[in-house]
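Asks: Task: produce atomic coordinates for the following.
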Amino acid sequence: MQRAQLRTSSPLLPGVRRRPYALAVLALALAAVGACGEDTVTIGPNENDAGSLGTPSATSPSPSSSTPPPPPSTDGGADAGRDGSATTGPSKYDTNGTHAFASTVVTEGGTSTVVVAPTAPGKYPVVSLSPGLQQPATAYAGYAARLASHGIITVMRNDGGVLTGTAAVESAITGIVTTWLPAENARAGSPIQGKVDLTKVGLAGHSRGGKASLLAAENGLKGKIAGWFGLDPVDATAFGDNVKARDKLATVGVPIAMIGAEVASSCSPAADTFAALYAASVSPSVLVKGKGAGHTQLEDPATCAACGLCTPAGTADGKVVLAYAIRYLTAFFARELLGDTSVGPSFAGAGAASDISLGRVEITAK
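Replies: Numbering: from 1, shown residues only. Presented below is the predicted three-dimensional model:
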């Protein structure tokens with residue numbers, strides 16, 4: 001993430017002193033700005049590890065000198081590849097698939113994009129996954145690896161931080177799909193040259209990234225994507241915009257699904273999270289409510305930025321929550337982008353019955 005001097009009087013933060021949610025996330029940002037360092041930029045593929053970025057690639061745009069902390073290995077295992085102890089199946093999306101994949105960071109014009117893609121030639125669908133406020137892309141490496149291992153390219157960028165308005169994040173997501181992906185698909189030396197099926201694109205996002213990606217689906221990318229998946233999306237208006245994604249959700253025109261963390265927090269106020277969005281949605285939409293799950297349990301705790309500031313924390317087993325979140329997101333896009341109808345409209349083919357019987361989730365569908 002970019003380092004910045006943070007002033008609460010910034011015009012990008014109107015009314016921040018009057019909003020408890022804004023104050024809580026502002027505290028998170030203050031801690032994270034010092035902890036996260038610069039953008040992740042070191043480039044180098046590793047076919048079985050979405051986290052090991054390795055050494056600079058001669059065929060990629062020039063990297064800068066800073067090296068990010070590597071995200072966890074994601075070569076199999078339901079717990080995003082960490083120790084495999086949180087298997088929550090049974091579902092083929094509970095573990096990595098058969099595709100070898102590589103992780104590369106492409107840096108152009110000061111903007112770094114993490115690309116996790118199958119290494120074999122061919123055309124693949126793509127998902128743009130947007131991190132939560134102040135969060136690094138590395139915190140979502142498990143999702144990217146699982147998708148890539150099942151034949152879906154994933155692209156991610158670090159969140160721009162508290163001084164970046166949600167409208168700017170939305171615009172960047174739109175640009176990834178309409179401009180950046182076609183350019184990389186055509187660029188010689190790109191890790192995804194000739195590999196992107198631009199007719200099969202999905203959007204996903206956590207927290208503020210969930211809202212921003214949904215706004216993109218409703219606006220600039222309407223008619224251009226096949227589905228949206230939210231990871232405890234937060235539809236608040238604290239950071240420079242007064243727009244709520246729920247207001248146009250009924251017109252989005254694609255299947256949607258979301259995982260909602262049952263435990264509301266200072267970073268995910270109950271009035272502005274999954275319940276409000278699901279209430280505004282129309283068929284086909286699915287809500288997976290994680291029983292006892294907390295807002296930050298949907299990302300890797302090893303690389304989550306200042307997640308301890310989001311209180312209260314979830315009471316569920318964090319490894320289990322992350323495992324089923326990765327599984328459901330992957331299953332959703334396998335259904336919408338790969339045509340896997342065995343997943344079912346309410347995730348019956350993705351281990352839903354087991355999760356429900358064990359009291360891990362509640363699932364509602366329209």
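Asks: And the helix ranked longest in the chain, what does it pack against?
Replies: Among the segments of the chain that qualify as a helix by DSSP state H, the longest is helix 318-338. Judged by 3 or more CB pairs under 8 Å, 6 or more residues apart in numbering; DSSP states H and E, the packing partners of helix 318-338 are strand 124-130, helix 141-149, strand 196-206, strand 227-231, strand 256-263, strand 285-294. C-beta here means a position set from N, CA and C on the backbone, and glycine is covered the same way.
Asks: What pairs with the shortest one, parallel or antiparallel?
Replies: As defined by DSSP bridges, the strand partners of strand 227-231 come to strand 196-206 (parallel), strand 256-263 (parallel).
Asks: closest one to M156 among the ones you listed?
Replies: Among the strands paired with strand 227-231, the nearest to M156 by CB to CB is strand 196-206 (9.5 Å).
Asks: Who are the packing partners of the helix or strand just after the closest one?
Replies: Going down the chain from strand 196-206, the next helix or strand is helix 208-218, by DSSP states H and E. Applying 3+ CB pairs under 8 Å, 6+ apart, we find helix 208-218 packed against strand 124-130, helix 166-175, strand 196-206, strand 227-231.
Asks: Please convert these to TSV, extending it with mean pLDDT.
Replies: Below are the helices and strands packed on helix 208-218 laid out as TSV (pLDDT from 0 to 100):
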stretch	mean pLDDT
strand 124-130	98
helix 166-175	96
strand 196-206	98
strand 227-231	98
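Asks: mind giving me TSV with those and columns for mean neighbour count?
Replies: Below are those laid out as TSV (neighbours: other CB atoms under 10 Å):
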stretch	mean neighbour count
strand 124-130	27
helix 166-175	20
strand 196-206	23
strand 227-231	28
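Asks: now the ones you listed in a markdown table, with distance to A117?
Replies: Shown next, in a markdown table, are the helices and strands packed on helix 208-218 (distance: least, CB to CB, whole Å):
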| stretch | distance to A117 |
| --- | --- |
| strand 124-130 | 7 |
| helix 166-175 | 18 |
| strand 196-206 | 9 |
| strand 227-231 | 19 |
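Asks: Between the ones you listed, which one is closest to L221.
Replies: helix 166-175 (5.6 Å).
Asks: how big is the angle separating that closest one from strand 196-206?
Replies: 160 degrees (axes from the mean of the first three to the mean of the last three CA atoms, to 10 degrees).
Asks: Rounded mean pLDDT for the next helix or strand after helix 166-175, please.
Replies: Counting by DSSP H and E, the element after helix 166-175 in chain order, helix or strand, is helix 181-186. For helix 181-186, mean pLDDT is 98.
Asks: ditto for stretch 353-361
Replies: Rounded mean pLDDT across stretch 353-361 is 97.
Asks: So which residues make contact with that stretch?
Replies: With contact meaning CB atoms under 8 Å, 6 or more residues apart in numbering, stretch 353-361 is reached by 88-90, 288-291, 316, 320, 324, 352, 362-363.
Asks: cool, stretch 177-193 as well?
Replies: Here stretch 177-193 makes contact (CB under 8 Å, 6+ apart) with 45, 57, 59-60, 102, 104, 106, 113, 115, 117, 126, 128, 153, 155, 194-196, 198, 201, 203, 216, 220-221, 224-225.
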